[in-house]
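>>> Predicted structure and sequence below. I'll ask about it afterward.
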Amino acid sequence: MPVALVRGEGCYVWDSEGKRYLDFYGGHCVTPLGHCPPRVVDAIKQQSERLLFYSNVVYSDVRARASRLLAEMAPLKRIFFCNSGTEAIETALKIARKFTGRSEVVSMIGAFHGRTLGSLATTWNPGYRAPFEKVLASSHFLPIGDLAAAESFLTQNNDTAAVLIEPVQSIAGMVSAPDEYFQGLRKLCDSTGTLLIFDEVQTGIGRTGTFSISEQFGIVPDMITLAKSLGSGIPVGATLLSQTLSDEVQYGDQGSTFGGGMIAMSAVEATLRSIRADSLMDRAPIIFDTITDALQPFALEMRGHGCLIGVRIKPKVSTILPALREHGVLAGGSADPHVMRLMPPLIADEEHIAKFAEAFRIVVEDDQN
C-alpha cells in the first residue's frame, strides 16, 4: 500500500500526512483488539521496566501466566511458544513426522502455511515454491471440502504423517467447507493413524466466535498453530499439542531462543485477558452479520466466519481497494480477483461498520458508473 502509517488507536490508523483510515485489514489479520489496546500497551510497558528478555532456559512468571491462560481458553493444553506462524507450522510438522514415523504431509489446494522451507512445502502457490522445489519435503495437495478425495488418498498412502489444513483459507479468498467435512476428516485421520493439524494463525484467538474454530465443528485437532492475533501486534507464535503428542516430545526435540520471551508473553497475557474479560469472542458473529446486512445490495457472496470475512463482488478488487483508501478505509485483496478480505477487530461497532459500508457503497457505485 502506498501509505506510511505512524499512529494507531482502536479501529483507526493515521498516516504521515495526518490522514485517518478505518482499518478493516489489521496488517494481515493481526489486531483483534484494534491498535494500541491500553491493557496490552500497559502490560508491555510494565514488563519492559522489569526484564526485557531472558530465554526459556529459566522460569518466567509472565510466561507461566500467559501459558496458563492460553491453556484455559484453548481446546489443547500443551504449548510451545515461538515467534511467528511459519515457525509454529514448522514445529507441528516436525512433531507429526517424529510421532508417526511417517514422512509425507497432505495440505489443501489454495493453502498458505508460510515461506520457510518446511511450511513452504505445504503452501499451494506454485510461484512461491518453484525456486525451491528440489529441496522441499514431499507434500500432496487435495481439494478442500472433498472428503472422498481425502479418503482415497489417505487409505492408499500409509506414509502420510499429517493432514494440515486452514479451516478458512484466507489468502485463497476465504474458502472453507461445511462442518461435516471437518468432522469426516477427523474420523478419517483417526482411522488411518494420520494426525490432523489446524492452521489457525488467522482463525484462532476468538476471531471466528470461538477460541478455535474447531469448537464450532465439534472436533479437536491433534495440533493447532497460532500467531498473528495472539500478541496484538507483538511477534509471537504457538503450537498447541494434545496430551498424547506432548507425552512423546523429548527434551531437545525443538527449541527457540526468543520463543516465550517476556515482552511477547506480556502481550499474550494482556490480549487473552482482554478478550475473555470483555467477552469479545461473542462480538465476532455479530460483526459478520452486521457487515453482511450492510453490504447486501452490493455483495454477490459473503464468505468466512466472524471477523474473517470474504466479500465477493463483480468489479475487480484491485480497482476497489485504492478507491477505498481514498475514502479512508483499509481492506485487503486475495488470490481471487473478485474477493475482498476484511479482518476487522473484535471491537468494531455499528458506527465503524456503517462508515465502512458507506465508503464501500460509494466506491462500488462509482466503479459501475
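Structure's in. What do you need?
>>> Next one: Gly333 from Arg303, what distance?
In this view, Gly333 and Arg303 are 14 Å apart by Cβ to Cβ, to the nearest Å. Backbone N, C-alpha and C define where each C-beta goes, glycine included.
>>> SS state for Phe182?
helix (DSSP: H, G, I helix; E, B strand; the rest coil).
>>> List the contacts of Thr290.
350, 353 (Cβ atoms under 8 Å, 6 or more residues apart in numbering).
>>> So it, which state does it fall into?
Thr290 is classified as helix under three-state DSSP.
>>> Tell me how far it lies from Ala299.
Distance check for Thr290 against Ala299: by Cβ to Cβ, it reads 13 Å.
>>> ok so, going back, got any residues that touch both of Gly333 and Arg303?
Val339.
>>> So which of those two has more stuff around it?
Set Gly333 next to Arg303 and count neighbours by other Cβ atoms under 10 Å: Arg303 wins out with 21 against 18.
>>> Tell me the helices and strands packed up against the host helix or strand of that one.
Arg303 belongs to strand 301-305 when assigned by DSSP states H and E. Packing partners of strand 301-305 (3 or more Cβ pairs under 8 Å, 6 or more residues apart in numbering; DSSP states H and E): helix 283-295, strand 308-312.
>>> do you know which of the ones you listed lies nearest Arg115?
strand 308-312 (20.7 Å; Cβ to Cβ).
>>> avg pLDDT for that closest one?
Mean per-residue pLDDT for strand 308-312: 98.
>>> For it, name the packing helices and strands.
For strand 308-312, the packing partners by 3+ Cβ pairs under 8 Å, 6+ apart come out as helix 170-173, helix 283-295, strand 301-305, strand 339-342.
>>> swap the cut-off to 7 Å and go again
Under the contact definition 3 or more Cβ pairs under 7 Å, 6 or more residues apart in numbering; DSSP states H and E, strand 308-312 sits against helix 283-295, strand 301-305, strand 339-342.
>>> just the helices and strands packed on strand 301-305: most buried one?
Of the helices and strands packed on strand 301-305, the one with the most neighbours on average (mean count of other Cβ atoms under 10 Å) is strand 308-312, at a mean of 24.
>>> What residues sit buried inside the following helix or strand past that strand?
Along the chain past strand 308-312, the next helix or strand (assigned with DSSP H and E) turns out to be helix 317-326. Of all the residues in helix 317-326, those buried under the rule 16 or more other Cβ atoms under 10 Å are 317, 320-321, 323-325.
>>> What of stretch 93-101?
93, 95-100.
>>> mind saving the C-alpha coords of that stretch as PDB?
C-alpha atoms of stretch 93-101 as PDB (Å, rounded to 0.1, in the frame of the first residue of the first chain):
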ATOM      1  CA  LEU A  93       5.400 -30.700  11.000                       C
ATOM      2  CA  LYS A  94       8.500 -31.900  13.000                       C
ATOM      3  CA  ILE A  95       6.400 -33.300  15.800                       C
ATOM      4  CA  ALA A  96       4.000 -35.000  13.300                       C
ATOM      5  CA  ARG A  97       6.800 -36.700  11.400                       C
ATOM      6  CA  LYS A  98       8.600 -37.900  14.600                       C
ATOM      7  CA  PHE A  99       5.400 -39.100  16.300                       C
ATOM      8  CA  THR A 100       4.100 -41.100  13.400                       C
ATOM      9  CA  GLY A 101       7.400 -42.200  11.900                       C
END
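>>> before we move on, back to that, if we only consider the buried residues of stretch 93-101, which is nearest to Val249?
The nearest member of the buried residues of stretch 93-101 to Val249, counting by Cβ to Cβ, is Ile95 at 6.6 Å.
>>> how about that closest one, what does it touch?
Ile95 makes contacts with 223, 241, 245, 249, as judged by Cβ atoms under 7 Å, 6 or more residues apart in numbering.
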